[in-house]
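# Need the 3D shape of this:
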Amino acid sequence: MAFPFTSSIPVFRITFDIPNEVLIFTDLIQTGYSSYGGTANFKGLVQITDPDGTIIYQGTGFSLTAPDFTTPDIDGSTLTWILNNIPASLTSAGLFTPGLYTFDYVCTMNNGTTFVCVQETYEFDYVSPTVTIDLSASCRTSELTSSYTAETTVRCGGVDYTPITSTISHHIEKPIGSGANDPGSTTDASRTIGGGNTDATRLWTRVWQTEISISVQYNLATWGANTWIIVLDTIAGSDNIDVKCDDSYCNLRLCVENVIALWKSAMGTSMGYSSTTLGTKVLELLAEWTKYEMAERCGSDTTIYITNLETILSSVDCLSNYNVDDASHVVYALGTALGGGGGSCVLPTISYGSTFPTGGIAGSLYIWRDSVTTPTFVKIVYNSGGTWVVVTDILGSAGSAGTNGTNNSSANILYSTLTDVGTAGAGEEILGTYSIPGNTLVSAGDFITLIAVYDLALNDHGKTMKMYFGGDLVATYFTDALIDSSTKTVILMARIRKITANTQKIDSYTEGLQPVTSSAAKDLASIVVVSASAQNSIATVNDVVLKSFTVILDSLLTTIPTNLANWDKGSVNLVADVLTFVTFHITMPSTSYNIKTNAWDVDGNEQFVKIPQSLKTVTGFYALTLVNTTLNWSIEL
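Residues are numbered from 1 along each chain as shown. Take a look at the predicted model:
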């Protein structure tokens, strides 16, 4: 015996999807309707009203008195139980509108002969939590620390809620041009970068970026045994630090100690002018040294303090070496000499000589050459953990003569003629034509550019110039003005861009006029004829002369890869604001490959795609775009 179907039976859930700015409606009974006349017979219509009284969603046919269930929002016959992507009500600041929401659900089990109405309200006062990021760098230890705090407990309706689920991404991006290892992303609240024994594991100068992203879910309200109000949110934050360190500490320290030693010596022999002058210098040095240490410890710019110290130390032989350019440099941690007693700092050095080096400090460089005046070889030698290894040859013996190269060619110019072709009569005449082979445009975004250059006779006869793509007019220009030497040349241009195999977008340009956008629907798998024409209003020979007609292809496949074993291409759909990994079909031998791309949105508009060089791998690369985009790519080593 079937139970009566009443308004107390349907139960639904509302999800406030904060990042995507949408609501999601979900029927929670679903297969349970089989007890009330069969799941396939259930149909429902939804209406949502925001706190301002505005209906932000209403299903087709919705009515509280005479609903029409022809196109229901929820349909048991097709197992459609979720209504996604309902546009949210937003404030001028882009936040979900706070206040009382009303949700109406009209349901039937017999196609509207009888129906029930369910209404629920919810006072929405959710506020997204925030992330606090703390970035600090230590030049002394060659380390950077990135940490964050996020109070994920929220208060809604006077009640505190903690997230049911929480997914954390703590991403650190190294400075552009640095040789440090790529920190990537982890789930750690605090991360320390650097402090290692190799350049790749040490801190580098310039800008480090931290990005925090925490995906959370809050269950805010229950309906019997069900959770019926859910909030999905992404708590995000970012910060950066410009690390500015120098390697002058040890050199300056030795100079300061030398001045102090001279002062003490002078005090031991006399209390005259010499000791007084050196004493004044010592006081100045100590004051400037204090400011230098505070700036250096905090990772701030120490240039001015080093300059001041060197000015004071002008009476001693002291040279400092610090970074003042915008490039990223490795930062070596400060150490001490062996033997106890707090000896001098030990830092990597750069030196040269005619014999292979021994000993020395890890990280040091040595220029090894056999002769000072006319060396036969010059090599760079690097101290790797106490072992000297040859990094590269700077100067070698003369190489053998190379083979002659071949002349360059413009492979992307499909057709170009410089032969003058003029008009004869008064009818339209085709002055230039070319047949584009089938499948010339391969990938979405590939395009053909047509350029026609005309010279006009110096009179005021009416003259019309046109360009065609597969019989469609794509660019035209008419004039009956008196032509002089400054106005006799006219240029027509058109770019035909592939959207799909049978649809194209056309951008036309005529010199001095506004661009025009149109579309075409040619079968690109077959030959498409393009042409340039002219027409005289009076049958005068050469009233219009076509000087040149050029057809140019711009495609990912216009160049032939030099090494087919290290070449690949493909296409991928990118979602707006989502860092996406593009996977190769092959594994490259290194990350020094070149990437060529073009990208277009669904309307055929060209889009910018960011490809961080630091995120390239041998199996693919990461890409980011601001809108949903189709990315066509090719790589070659």
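# Using PDB, write down the CA coordinates of stretch 123-132.
This file holds the C-alpha atoms of stretch 123-132, laid out as PDB (Å, rounded to 0.1, in the frame of the first residue of the first chain):
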ATOM      1  CA  GLU A 123      19.400  33.600   7.500                       C
ATOM      2  CA  PHE A 124      22.800  33.700   5.800                       C
ATOM      3  CA  ASP A 125      25.400  35.700   7.600                       C
ATOM      4  CA  TYR A 126      28.600  33.800   6.700                       C
ATOM      5  CA  VAL A 127      31.900  35.800   6.400                       C
ATOM      6  CA  SER A 128      35.000  34.200   4.800                       C
ATOM      7  CA  PRO A 129      37.900  33.700   7.200                       C
ATOM      8  CA  THR A 130      41.300  35.400   6.400                       C
ATOM      9  CA  VAL A 131      44.900  34.200   6.100                       C
ATOM     10  CA  THR A 132      47.800  35.900   7.800                       C
END
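# Residues contacting it, please?
Outside of stretch 123-132, the residues within contact range by CB atoms under 8 Å, 6 or more residues apart in numbering are 16, 18, 51, 96-101, 148-154, 156-157, 212, 214, 218, 220, 231, 233, 235-237. To be clear about C-beta, it is placed using only N, CA and C from the backbone, and glycine gets the same treatment.
# Tell me the confidence at the residue nearest to Thr192 when sequence neighbours are not counted?
The shortest distance from Thr192 to any non-neighbouring residue, by CB to CB, 6 or more residues apart in numbering, is to Thr145 (5.1 Å). The confidence metric pLDDT takes the value 95 at Thr145.
# show me the contacts for Lys610.
Taking CB under 8 Å, 6+ apart, we find Lys610 in contact with Ala623, Leu624, Thr625.
# what about 7 Å?
Leu624 (CB atoms under 7 Å, 6 or more residues apart in numbering).
# about what we covered before: what about burial for the contacts of stretch 123-132, which qualify?
Those of these that meet the buried threshold are 16, 18, 96, 101, 148, 150, 152, 154, 156, 212, 214, 218, 220, 231, 233, 235-236, by 16 or more other CB atoms under 10 Å.
# Which of the residues you listed fall in strands?
Secondary structure assignment by DSSP state E places 16, 101, 148, 150, 154, 156, 212, 214, 218, 220, 231, 233, 235-236 of these in strands.
# Redo these as TSV? Include pLDDT and distance to Thr510.
TSV is the format used below for those (pLDDT from 0 to 100; distance: CB to CB, whole Å):
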residue	pLDDT	distance to Thr510
Phe16	98	51
Tyr101	97	54
Tyr148	94	56
Ala150	91	57
Val154	95	59
Cys156	93	60
Ile212	96	51
Ile214	95	54
Tyr218	97	58
Leu220	95	60
Val231	97	54
Asp233	96	51
Ile235	94	52
Ala236	93	47
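# Closest one of those residues to Ser614?
Here the nearest of these to Ser614, counting by CB to CB, is Ile212; it sits at 18.3 Å.
# one step back: between which two of the ones in strands among the buried ones among the contacts of stretch 123-132 is the distance greatest?
Spatial extent of those (CB to CB) is set by the pair Tyr101 and Tyr148 at 32.5 Å.
# ok, the residue lying closest to Thr500 once chain neighbours are set aside - how many residues close by?
Closest residue to Thr500 apart from its sequence neighbours, by CB to CB, 6+ apart: Ala444 at 6.9 Å. Neighbourhood size, Ala444 [other CB atoms under 10 Å]: 19.
# Work out for me the element Thr476 sits within.
Take DSSP states H and E as the rule and Thr476 turns out to sit in strand 472-479.
# okay, that strand in CSV with CA atoms only?
Coordinates of each C-alpha in strand 472-479 appear next as CSV, following Å, rounded to 0.1, in the frame of the first residue of the first chain:
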residue,chain,number,x,y,z
ASP,A,472,32.8,35.6,-49.3
LEU,A,473,33.7,39.3,-49.3
VAL,A,474,36.1,39.9,-46.4
ALA,A,475,37.5,43.4,-47.1
THR,A,476,36.5,46.2,-49.5
TYR,A,477,37.3,49.9,-50.2
PHE,A,478,35.7,52.5,-52.5
THR,A,479,36.8,56.0,-53.4
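# Indicate each strand paired with it and its parallel or antiparallel sense.
Neighbouring strands of strand 472-479 in its sheet, by DSSP bridges, are strand 463-469 (antiparallel).
# Name the surrounding residues that touch the strand it pairs with.
With contacts defined as CB under 7 Å, 6+ apart, strand 463-469 is touched by 450, 452, 454, 456, 473-479, 490, 492, 494, 496, 506, 520, 528, 530-536, 543-544.
# Can you tell me which of those residues are buried?
With burial judged by 16+ other CB under 10 Å, the buried subset of the contacts of strand 463-469 is 450, 452, 454, 456, 474-477, 490, 492, 494, 496, 506, 520, 528, 530-536, 543-544.
# Which of these fall within helices?
The helices, defined by DSSP state H, take in nothing from those.
# returning to what we had before: quick check, pLDDT for the residue nearest to Thr500.
Predicted confidence (pLDDT) for Ala444: 77.
# now the strands for the stretch 351-500 of the chain?
365-369, 378-384, 387-395, 413-417, 421-422, 429-436, 447-456, 463-469, 472-479, 489-500 (DSSP state E, counting those that start in this stretch).
# quick one, which of those is nearest to Phe62?
Closest approach to Phe62 among the strands of the stretch 351-500 of the chain (CB to CB): strand 489-500, 36.6 Å.
# in its sheet, what does that closest one sit against?
Assessed with DSSP bridges, strand 489-500 is paired to strand 447-456 (antiparallel), strand 503-510 (antiparallel).
# picking up where we left off before, compare the strands of the stretch 351-500 of the chain and give me the one nearest Thr205.
strand 365-369 (17.8 Å).
# Show me where the stretch 101-250 of the chain has its strands.
Secondary structure of the stretch 101-250 of the chain by DSSP E, counting those that start in this stretch: the strands cover 115-124, 131-138, 143-150, 154-156, 159-161, 165-173, 184-186, 190-194, 203-204, 206-223, 226-243.
# domain assignment for this structure?
Recorded structural domains for the chain (assignment: automatic domain parsing) are 12-124, 131-243, 249-322, 350-395, 413-554, 564-636.
# Report the mean per-residue pLDDT for the last one.
To tie it back to what came earlier, the one meant is domain 564-636. pLDDT averaged over domain 564-636 gives 85.
# Most tightly packed of the strands of the stretch 101-250 of the chain?
Comparing the strands of the stretch 101-250 of the chain by mean neighbour count (mean count of other CB atoms under 10 Å), strand 203-204 ranks first with a mean of 26.
# Packing partners of it?
Judged by 3 or more CB pairs under 7 Å, 6 or more residues apart in numbering; DSSP states H and E, the packing partners of strand 203-204 are strand 330-331.
# partners of the strand it packs on in the sheet?
When DSSP bridges is applied, strand 330-331 pairs with strand 203-204 (antiparallel).
# what's next to the partner strand, contact-wise?
The contact list for strand 203-204 (CB under 7 Å, 6+ apart) reads 137, 142-144, 174-175, 178-180, 193-194, 243, 328-331.
# Among the residues you listed, which one sits closest to Val282?
Closest approach between these and Val282, by CB to CB: Val331, at 29.3 Å.
# So what's the residue count around Arg140?
With other CB under 10 Å as criterion, Arg140 counts 17.
# Next, it: phi, psi?
Backbone geometry at Arg140, expressed as degrees, to the nearest 10, gives phi -70, psi -40.
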